[in-house]
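In: okay, here's the prediction I keep looking at, along with the sequence it came from:
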Amino acid sequence: MKYKFNPPYLIKKIFPSFQWESNINKILLTFDDGPVPETTPVILQCLSSYKIKAAFFCVGENIYKYPELYRRIVDEGHLVCNHTFNHKAIPQLNRNELIQQIEKFNSIIKKQSGKEVLYFRPPYGKFSLSSSLILKQNNLKIIMWSLLTNDYQNDINVVKFAVNKYLTRNSIVVLHDSLRSKDIIADSIQYIINECSYKGFQIGDPAECLR
């Protein structure tokens, strides 16, 4: 059961160069798969109301489709990270295909804002030894997680269970900026914030949590 929410200790030991937790005793909120019109504005409004900054692991083709949402994420002070261009599982890609997914994403960010991309998260959390070497060669640090909320099940009770059981003061938390979580995303964010307050945990900025 635990491994549905928190990756196995052995995997973390095998891939020590990946970041699995916040570097300081503050929680980092991260959002995968956006931007999309149905959820991104809701997420941004929630974060703004609490003055929280987050890391958005975006899909390149969604940035291409919704550049105004990408610009809003950046303008509101959040960090945009590489989640491939087409959200393809890395083990299914050959070397050239993976490099293309990385570079196509980075290129669109460079074109949109002139920013360099520093961080990467593999779609579905799937990776391989060879892919980790390719990402390192492309100067991308791989950011994983210590708490997967499973919000994509669109069941707030699943999120509450995950948070109650596995949230720690240095968690990297995964939520989803996608249609799969749209009915519960606002409640999920609110619940995490409330639990942090109750437990005396702090939510940090990406710059400090990933430094």
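Out: Structure's in. What do you need? Please read these numbers as outputs of a predicted model, since none were measured by experiment.

In: helices of the chain, residue ranges please.
Out: If you assign secondary structure with DSSP state H, the helices in the chain sit at 9-14, 40-49, 60-65, 67-75, 95-113, 129-137, 156-166, 185-199, 206-209.

In: got the angle between the helix or strand bottoming out on mean pLDDT in the chain and helix 95-113?
Out: Sorting the helices and strands of the chain by mean pLDDT, DSSP states H and E puts helix 129-137 at the bottom, at a mean of 83. Computed by axes from the mean of the first three to the mean of the last three C-alpha atoms, to 10 degrees, the angle separating helix 129-137 from helix 95-113 equals 30 degrees.

In: contact partners of helix 129-137?
Out: Taking C-beta atoms under 8 Å, 6 or more residues apart in numbering as the criterion, the residues outside helix 129-137 that touch it are 15, 17-18, 90-91, 93, 95, 98-99, 102, 120, 122, 142. Any C-beta I mention is one placed from the backbone N, CA and C, and that applies to glycine too.

In: before we move on, the earlier item: got the helices of the chain as CSV, with mean neighbour count and distance to Thr149 columns?
Out: Converted to CSV, these look like this (neighbours: other C-beta atoms under 10 Å; distance: least, C-beta to C-beta, whole Å):
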stretch, mean neighbour count, distance to Thr149
helix 9-14, 11, 19
helix 40-49, 18, 13
helix 60-65, 19, 20
helix 67-75, 16, 20
helix 95-113, 16, 24
helix 129-137, 15, 24
helix 156-166, 16, 5
helix 185-199, 17, 6
helix 206-209, 18, 17
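
In: turn those into a markdown table, including distance to Leu148.
Out: Listed next are these as a markdown table, based on distance: least, C-beta to C-beta, whole Å:
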| stretch | distance to Leu148 |
| --- | --- |
| helix 9-14 | 13 |
| helix 40-49 | 17 |
| helix 60-65 | 20 |
| helix 67-75 | 21 |
| helix 95-113 | 22 |
| helix 129-137 | 19 |
| helix 156-166 | 7 |
| helix 185-199 | 12 |
| helix 206-209 | 17 |
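
In: so which of those gets nearest Ile172?
Out: Closest of these to Ile172 is helix 206-209, at 7.3 Å (criterion: C-beta to C-beta).

In: can you list contacts of the closest one?
Out: The set of residues that contact helix 206-209 without belonging to it, under C-beta under 8 Å, 6+ apart, is Ser22, Asn23, Ile24, Lys26, Ile27, Leu28, Lys53, Ala54, Ala55, His78, Leu79, Ile172.

In: out of those residues, which sit inside strands?
Out: Where the contacts of helix 206-209 overlap with strands, as defined by DSSP state E, the overlap consists of Leu28, Ala55, Leu79, Ile172.

In: which of those residues ranks first by neighbour count?
Out: Leu28 (29 neighbours; other C-beta atoms under 10 Å).
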